[in-house]
Structures are given as structure tokens and as C-alpha cells.
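Novice: Give me a 3D structure for the following:
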Amino acid sequence: MEFRHIKINNKGRKIRNLKRFNFDEFLWFIIITLLDICLIYLVVTGKIEFYIGKKMIIYIYVTIAVISIISIFQISNIFTPKSSGDFKIKMLPIILTLIIGVISVCGQGTFKHIELDKEVKESDSQINLKHNHDDNLKNTNSYISESDLNKNTKDGFLIINEQNPLILKDIVANSQKYIGRNLEIHGFVCKESYLNKNQFVIGRVIMNCCAADSEVVGIIGEYENSIDLRENQLVSVKGKINYSTINDNDGVEHKVPIIKIYKLETED
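Specialist: This next block holds a predicted model:
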């Protein structure tokens, strides 16, 4: 009889343990784990740079670490009595955040294409504007001084990186003073249907803090094997600045500055 009594007690414990499974806490564990995975994905793929500046990424690492710790401790809460309150209302803001984040990541390609299209058309209008002014007025709206250019020149190459992407804007605004210069640039590949066969856009995102103050700048690259490059692929290129004529999707002709690439390396 004593042995049977123990079996009944064990069965009772199992039933009580099943009753203590808290589905709300389990769902919360899943949500914060997904949030952690999304942040890790953005960091690993480099897409986090579309949302915050490089100086702020250290805080994302801290956030990932904190959320990971919270996820681990949340496991024990799965086996606790269900708390009072409407769990769906509590979770709604987090779920909406995840949905908006996914939509935002998917929409980054469109955002970059629109911004870079503007860059191409602006570069054409700036070139035409220069032709209607005398030489003394050509560089009045220059973003970068000659001394700054010299500081960013190494081994005969003007180097554009995350520290000085505004040089690209100066190339658009004052393209004539850059013609013939050797250029080295790191950026992402953006392909446009209206570009010539061996052309693509090398883009960079300028951002001080977050996506709210972000701006996409770029320059057209001309490369023999551009067909082998993937959209958004990170590249490092060397070449010489020159002019080229392209027709946009509306059939309008644009004369724009380009970089004729003679060395290209992928960074991923």
C-alpha cells in the first residue's frame, strides 16, 4: 500500500507541474528571443548601419548582451502560475516593433535606390550649372577644401571611407576639380536599370546618430565585370574619376561623374 501511495503522489506532482506551465511567459520568451536574433542579424549583415551611426553600434552590442541575459532568466518564469492582466495588450507594442522592423529592413533597398537616383540627377544639374559660370565661381559651394583633400590622399589616391563620405557630395557639386584624380572608395553595390552595361552605383550611407538623419550618397562605377556583383554587396574599389553620359528611366540624358574602376575587391 505504501508503494502505491508514492505512485499516486508522483502522478499528482506531474499534473501540478503541467498546470504551472505559463503560456504567456513562454510567449514572452519567444518574443524577446526573436528580438535578440533580429539585432544579431542586423549586426552580422552590416544592415544595422542603415539605422544608426557606427559610433552608436557599441550600444547595440550592449543591448544584445542584456536581452540575451533576460532571455536566459525568462526560462524559469515559464513554469510559474499565470499572472493577472491582459497579456495581449502588454505584448502588442513589442510585436508591432518587430513587424515594423522587418518591413523597414525589406524597404531599405527602395530607400537607397530613390536617394541614389537623386544623386545622379543632381550631379548632372551641377555640371550644367558649372558650364554657365566663370572659373572664379566654380568652387564657391565646395564642401571640402584642398587641404582636407590632401589629408585624405594616400599614395596618390583620394580615399573615401566612413570618416569622410561628404567628399562624394563635393564630387557631385564640384566635379570638374576632381576629373583625373585617382579615387579609392568603400561602399555598397546598387544596380539601376538605366545605367550602361558595365556600370553600377557605389553608395555610402551618411549618418551621425540614427536613420532619422541619414543620407545616401554615391558615385557611378564603371567596371568590366559588374554583372558578377550582387545588390548591396560591399566592395572596395580603385579607379580614376571621369565623365559619362547616361539616360534615366524617363529617357532624359545626364552627364555625370563616374569612377573608371581598374581594381575591385569584395568585402564580404
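Novice: What is the burial count for residue 162?
Specialist: 15 (other CB atoms under 10 Å). Heads up, the C-betas are built off the backbone N, CA and C, glycines and all.
Novice: same thing with the one 3 residues further on?
Specialist: Residue 165 has 21 neighbouring residues, counting by other CB under 10 Å.
Novice: now swap in residue 239 and tell me
Specialist: Using other CB under 10 Å, residue 239 has 23 neighbouring residues.
Novice: secondary structure class for it?
Specialist: The three-state label given to residue 239 by DSSP: H, G, I helix; E, B strand; the rest coil is strand.
Novice: Can you name the residues that contact it?
Specialist: Residues near residue 239 by CB atoms under 8 Å, 6 or more residues apart in numbering: 182, 183, 221, 222, 259, 260, 261, 262, 263.
Novice: again with residue 225
Specialist: residue 264.
Novice: Selecting buried members of the contacts of residue 239 in PyMOL, what would you type?
Specialist: To isolate the buried ones among these in PyMOL, judged by 16 or more other CB atoms under 10 Å, type:
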select buried, resi 182+183+221+222+259+261
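Novice: Could you tell me which of the contacts of residue 239 belong to strands?
Specialist: With DSSP state E as the criterion, strands contain 182, 183, 221, 222, 259, 260, 261, 262, 263 from among the contacts of residue 239.
Novice: State the pair within those that is farthest apart.
Specialist: Greatest spatial distance in the ones in strands among the contacts of residue 239: 182 and 222, 14.6 Å, computed using CB to CB.
Novice: for the stretch 51-200 of the chain, what spans make up the strands?
Specialist: Assigned by DSSP state E, counting those that start in this stretch, the strands in the stretch 51-200 of the chain fall at 153-154, 157-160, 182-190, 199-206.
Novice: how far away is residue 68 from residue 42?
Specialist: According to CB to CB, to the nearest Å, residue 68 and residue 42 sit 15 Å apart.
Novice: Just want to know which of these two has more residues nearby.
Specialist: Neighbour count, other CB under 10 Å: between residue 68 and residue 42, residue 42 has more, with 20 against 14.
Novice: May I have the helix or strand that that one is a member of as PDB, with CA atoms only?
Specialist: Residue 42 belongs to helix 23-45 when assigned by DSSP states H and E. Coordinates of each C-alpha in helix 23-45 appear next as PDB, following Å, rounded to 0.1, in the frame of the first residue of the first chain:
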ATOM      1  CA  PHE A  23       2.000  30.100 -21.800                       C
ATOM      2  CA  ASP A  24       2.100  33.900 -21.500                       C
ATOM      3  CA  GLU A  25       5.600  33.800 -20.100                       C
ATOM      4  CA  PHE A  26       6.600  31.300 -22.800                       C
ATOM      5  CA  LEU A  27       5.300  33.600 -25.500                       C
ATOM      6  CA  TRP A  28       7.200  36.500 -23.900                       C
ATOM      7  CA  PHE A  29      10.400  34.300 -24.000                       C
ATOM      8  CA  ILE A  30       9.900  33.700 -27.700                       C
ATOM      9  CA  ILE A  31       9.300  37.400 -28.500                       C
ATOM     10  CA  ILE A  32      12.400  38.700 -26.700                       C
ATOM     11  CA  THR A  33      14.500  35.800 -28.200                       C
ATOM     12  CA  LEU A  34      13.300  36.900 -31.700                       C
ATOM     13  CA  LEU A  35      14.100  40.500 -30.900                       C
ATOM     14  CA  ASP A  36      17.600  39.400 -29.900                       C
ATOM     15  CA  ILE A  37      18.000  37.300 -33.100                       C
ATOM     16  CA  CYS A  38      16.900  40.300 -35.300                       C
ATOM     17  CA  LEU A  39      19.500  42.600 -33.700                       C
ATOM     18  CA  ILE A  40      22.200  40.000 -34.200                       C
ATOM     19  CA  TYR A  41      21.200  39.600 -37.800                       C
ATOM     20  CA  LEU A  42      21.400  43.300 -38.400                       C
ATOM     21  CA  VAL A  43      24.900  43.500 -36.900                       C
ATOM     22  CA  VAL A  44      26.300  40.400 -38.700                       C
ATOM     23  CA  THR A  45      25.000  41.500 -42.100                       C
END
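Novice: and that helix, which residues are buried?
Specialist: 24, 25, 28, 29, 31, 33, 35, 36, 39, 40, 42.
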